[in-house]
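**Q** Turn this into a structure:
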Amino acid sequence: MNKTLGIIITIFLGMFGVHRFIAGKTGTGLLWLLTGGVLGIGWLLDILNVCIGAFTNKEGYVWAP
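**A** The predicted structure is shown next:
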């Protein structure tokens, strides 16, 4: 996945945990879905991490290089 698409998915669907489900992190994806991105704070941190290239998938590889 390219970085632009990763940022767009995280910004618009990240509050529902969609980016975490795509990355294979189903446990935290459910947590984001049920809590609104952990009250928006986790969602904002994920946006920042995707932008700087620090968000990883389940295996530990950068999700959107």
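**Q** State the distance from G29 to N57.
**A** 12 Å (CB to CB, to the nearest Å). Where C-beta positions appear, they are placed from N, C-alpha and C, glycine not excepted.
**Q** the more surrounded of those two?
**A** Set side by side, G29 and N57 show more neighbours around G29, with 18 against 15, by other CB atoms under 10 Å.
**Q** Ramachandran angles for F55?
**A** phi -80, psi 130 (degrees, to the nearest 10).
**Q** Which pLDDT value belongs to the residue lying closest to it once chain neighbours are set aside?
**A** Distances taken as CB to CB, 6 or more residues apart in numbering place N49 nearest to F55, at 4.1 Å, with adjacent residues excluded. For N49, the model assigns a pLDDT of 94.
**Q** Please apply the same query to A64.
**A** pLDDT, A64: 80.
**Q** Quick check: phi and psi at it.
**A** Dihedral angles (degrees, to the nearest 10) for A64: phi -130, psi 80.
**Q** repeat for K25
**A** Per degrees, to the nearest 10, the backbone of K25 is at phi -100, psi 70.
**Q** Going along the chain, name the helices of this protein.
**A** Using DSSP state H, the helices of the chain run over 3-13, 18-22, 26-39, 41-52.
**Q** ranking the ones you listed by burial, who's on top?
**A** For the helices of the chain, ranked by mean neighbour count under the definition mean count of other CB atoms under 10 Å, the leader is helix 18-22 at a mean of 21.
**Q** picking up where we left off before, so for W63, which of the helices of the chain sits nearest?
**A** helix 3-13 (6.1 Å; CB to CB).
**Q** average model confidence for that closest one?
**A** Helix 3-13 comes out at a mean pLDDT of 94.
**Q** roughly how far is it from the heart of the chain?
**A** 8 Å (CA atoms, centre = their mean, to the nearest Å).
**Q** what angle do that helix and helix 41-52 make?
**A** Between helix 3-13 and helix 41-52, the angle comes out at 170 degrees (axes from the mean of the first three to the mean of the last three CA atoms, to 10 degrees).
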